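S.K.: Got a predicted structure plus its sequence, pasted below:
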Amino acid sequence: MKIGTMLKDIVESFFKKNATQLYPIERTPTPERFRGNLQYNPTACTGCCLCVKDCPSKAIELVTLDRAAKRFVLKYHMDRCVYCGQCAINCRFKCMGMSNTDWEHASLNKEEFTIYYGKDEDVEQLLANLAKPAAESTVK
């Protein structure tokens, strides 16, 4: 490459507009069909577990607390999810969906990528049950 053509390119680049965005300040709208975080409606869920069976990355676990009372907690691992949308497509009762607004993920801890969906008292009961065996194993 000749020096003259290089200098010409350098001078032209001084007068061009930047190609990058200032991301947190300038945001572009996400597309309508963009698949972000999983959204779950626990009142519509019947516990059929089709979402768990069809998840290729095993990112969804459905914990049944009481099937007769329809008490379920969905444990969602964001770090495993490939955002394919199979869970939302195969849900017969349309209690799952993929959000196109909630998609920004950044964290320093892996625990923050595990989300529990369900009624608040059911999630608290599940977390208490998970913490109980850990406390018993440290006592022995």
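M.R.: That came in fine, so what should we check first? Numbers count the residues shown, from 1 in each chain.
S.K.: for the chain, which residue is closest to the average position?
M.R.: residue 37 (3.5 Å; CA atoms, centre = their mean).
S.K.: Provide the count of other residues in contact range of residue 70.
M.R.: When neighbours are counted by other CB atoms under 10 Å, residue 70 registers 15. Just so you know, the C-beta spots here come from the backbone N, C-alpha and C atoms, and that holds for glycine as well.
S.K.: wouldn't it be in contact with residue 45 here?
M.R.: Yes: when contacts are counted by CB atoms under 8 Å, residue 70 is listed as touching residue 45 (7.2 Å).
S.K.: Could you report the neighbour count for residue 73?
M.R.: By the criterion of other CB under 10 Å, residue 73 has 22 neighbours.
S.K.: Could you give the bridge partners of it?
M.R.: Using DSSP bridges, the bridge partners assigned to residue 73 are residue 63.
S.K.: Helices of this structure, residue ranges please.
M.R.: 3-14, 50-54, 86-90, 120-139 (DSSP state H).
S.K.: Give me the pLDDT for the closest residue to the residue nearest to the centre of the chain other than its chain neighbours.
M.R.: Excluding its sequence neighbours, the residue lying closest to residue 37 (CB to CB, 6 or more residues apart in numbering) is residue 102, at 4.2 Å. The score at residue 102 is 81. That number is its pLDDT.
S.K.: before we move on, back to that, what's the closest of the helices of the chain to residue 62?
M.R.: helix 50-54 (5.2 Å; CB to CB).
S.K.: Please put the alpha-carbon coordinates of the closest one into CSV.
M.R.: Extracted in CSV, the C-alpha atoms of helix 50-54 (Å, rounded to 0.1, in the frame of the first residue of the first chain):
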residue,chain,number,x,y,z
LEU,A,50,-43.7,-30.4,28.9
CYS,A,51,-41.5,-27.4,29.3
VAL,A,52,-38.9,-29.4,31.3
LYS,A,53,-39.0,-32.4,28.8
ASP,A,54,-38.5,-30.2,25.8
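S.K.: Over to residue 100: give its phi and psi.
M.R.: As for residue 100, its main-chain torsions (degrees, to the nearest 10) stand at phi -100, psi 0.
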